[in-house]
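K.L.:
can't give you the sequence, but here's the structure:
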């Protein structure tokens, strides 16, 4: 180890462990606003920085670079943040702002590009840029105003990957909301498809956009029935499903202590494929549980549980009230204990029955592994053999 490396390691060890990045990482202070704990991801010139700390108003936090994620855009050029870097550079990279949308758009089906796995990361970046452009809207803005966002804040490698950015722009231009509602006069279903943008332009590392005029009632001059949230919290969510559920739940959380959403409506709003609609276990494992684990790092706190009708799941109940969350958690804990107790009783009966049928002479352990392990642990076969010998002698 060189003398410089030794000094860097010595300096790193003098810091609290929570601020470790990686060997030789450089860090600096920033000031952020907020009031909740969450994990935030931001990109500075292609380098992925993650921030883990308790956000307090005006509190100074440390940001440590932890390296690029597993998947990166082609043409990525990782860079490093020098120790003592200009604070304005760091603050300008934070995606701050408030996103406001009408509830009809939040609860609509949002189409952004392809649903293919190979395009999923581009869809996430396009979603982040869309939210950032919405956050740029101010009260009194004309609907023909052009908004802009730097791609360096959202796309790894920035302008170094033109093909990647070109495809992202295609995703943005093709983004539209699918709204289903019932026409009051005829009581018949009505389908409305509205594009978000009338124009997308990219030049010199900046994306310029003009919103579709038909989107004006859903994004401009919002007075009632709208949803607002911190842009930074949406940006840090890693998947399209996490972002969509985050938006959808915020549209209920500020007005209701809980919301029960029919499963068919949830699939519609989340734009899930038919395979998830047909298999709730996959939907639960790959969408709901992952999104829950991501969103719990934001300021939105909730619990959820499936609502069953017979053996099939008909809806999902989302709980926002802290009192109701505590009750739901206690209920879930009790249900888990009862399930474990029932499983243990079933295993015990199976092990006892197996040992009796073999009269304690078990050599192959050909039953289920859990049953055999329980039999060995409780010494059931030994007890039965001892009982048989005692009876024969008596």
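P.N.:
Thanks, I have the structure now. Because the structure is a prediction, the values reported are computed rather than measured. Numbering: from 1, shown residues only.
K.L.:
Burial check on the closest residue to residue 225 other than its chain neighbours, number of neighbours?
P.N.:
Among residues not flanking residue 225 along the chain, residue 103 sits closest, at 4.9 Å (C-beta to C-beta, 6 or more residues apart in numbering). All C-beta atoms are positioned from the backbone trio N, CA, C, and that covers glycine. Residues near residue 103, counting by other C-beta atoms under 10 Å, number 19.
K.L.:
Thought residue 228 was touching residue 103, still the case?
P.N.:
No: applying C-beta atoms under 8 Å as the test, residue 103 and residue 228 come out as separate, 10.8 Å apart.
K.L.:
Let me see the domain layout of this structure.
P.N.:
Listed domain ranges for the chain are 3-85, 95-236, 257-320, 329-393 (source: automatic domain parsing).
K.L.:
can you put the ones you listed in CSV and add distance to residue 247?
P.N.:
As requested, those are exported to CSV (distance: least, C-beta to C-beta, whole Å):
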stretch, distance to residue 247
domain 3-85, 16
domain 95-236, 5
domain 257-320, 9
domain 329-393, 24
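K.L.:
and of those, who's closest to residue 244?
P.N.:
Closest to residue 244 of the domains of the chain, according to C-beta to C-beta: domain 257-320, at 5.3 Å.
K.L.:
now that closest one: how far from the chain's centre is it?
P.N.:
In terms of C-alpha atoms, centre = their mean, to the nearest Å, the centre of domain 257-320 is set 12 Å apart from its chain centre.
K.L.:
how long is it from one end to the other?
P.N.:
5 Å (C-alpha to C-alpha, to the nearest Å).
K.L.:
Let me know the average pLDDT across that domain.
P.N.:
The average pLDDT within domain 257-320 is 93.
K.L.:
And stretch 366-375, by the same measure?
P.N.:
Taken as a whole, stretch 366-375 has a mean pLDDT of 80.
K.L.:
where exactly do the strands run in the stretch 251-394 of the chain?
P.N.:
Ranges of strands in the stretch 251-394 of the chain, per DSSP state E, counting those that start in this stretch, are 258-262, 303-309, 312-319.
K.L.:
TSV please, covering these and showing mean neighbour count.
P.N.:
Listed next are the strands of the stretch 251-394 of the chain as TSV, based on neighbours: other C-beta atoms under 10 Å:
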stretch	mean neighbour count
strand 258-262	17
strand 303-309	15
strand 312-319	17
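K.L.:
So which of those strands is nearest residue 291?
P.N.:
Residue 291 sits nearest to strand 303-309 of all those, at 9.4 Å, using C-beta to C-beta.
K.L.:
Was I right to think residue 98 contacts residue 230?
P.N.:
Yes: counting by C-beta under 8 Å, residue 98 does reach residue 230; the two are 6.6 Å apart.
K.L.:
Of these two, which one has the most company?
P.N.:
residue 230 (23 against 12).
K.L.:
where does the stretch 51-200 of the chain dip in pLDDT?
P.N.:
Low-confidence segments of the stretch 51-200 of the chain (pLDDT under 70): 51-95, 114-119, 156-160.
K.L.:
how about a cut-off of 80?
P.N.:
Counting by pLDDT under 80, the stretch 51-200 of the chain has low-confidence residues at 51-96, 113-120, 153-160, 183-184.
K.L.:
All the strands of it, in order from the start?
P.N.:
Using DSSP E, counting those that start in this stretch, strands in the stretch 51-200 of the chain cover 60-65, 98-102, 109-111, 146-150, 176-183, 188-195, 197-203.
K.L.:
Out of those strands, which is closest to residue 255?
P.N.:
strand 98-102 (13.9 Å).
K.L.:
helices or strands up against the closest one?
P.N.:
helix 120-135, helix 216-219, strand 226-230, helix 231-236 (3 or more C-beta pairs under 8 Å, 6 or more residues apart in numbering; DSSP states H and E).
K.L.:
JSON lines for those, including distance to residue 349?
P.N.:
Putting the helices and strands packed on strand 98-102 into JSON lines (distance: least, C-beta to C-beta, whole Å) gives the following:
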{"stretch": "helix 120-135", "distance to residue 349": "47"}
{"stretch": "helix 216-219", "distance to residue 349": "59"}
{"stretch": "strand 226-230", "distance to residue 349": "51"}
{"stretch": "helix 231-236", "distance to residue 349": "49"}
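K.L.:
neighbours around the nearest residue to residue 134 once chain neighbours are set aside, how many?
P.N.:
Closest residue in space to residue 134, ignoring its immediate chain neighbours: residue 99 at 5.2 Å, by C-beta to C-beta, 6+ apart. Using other C-beta under 10 Å, residue 99 has 23 neighbouring residues.
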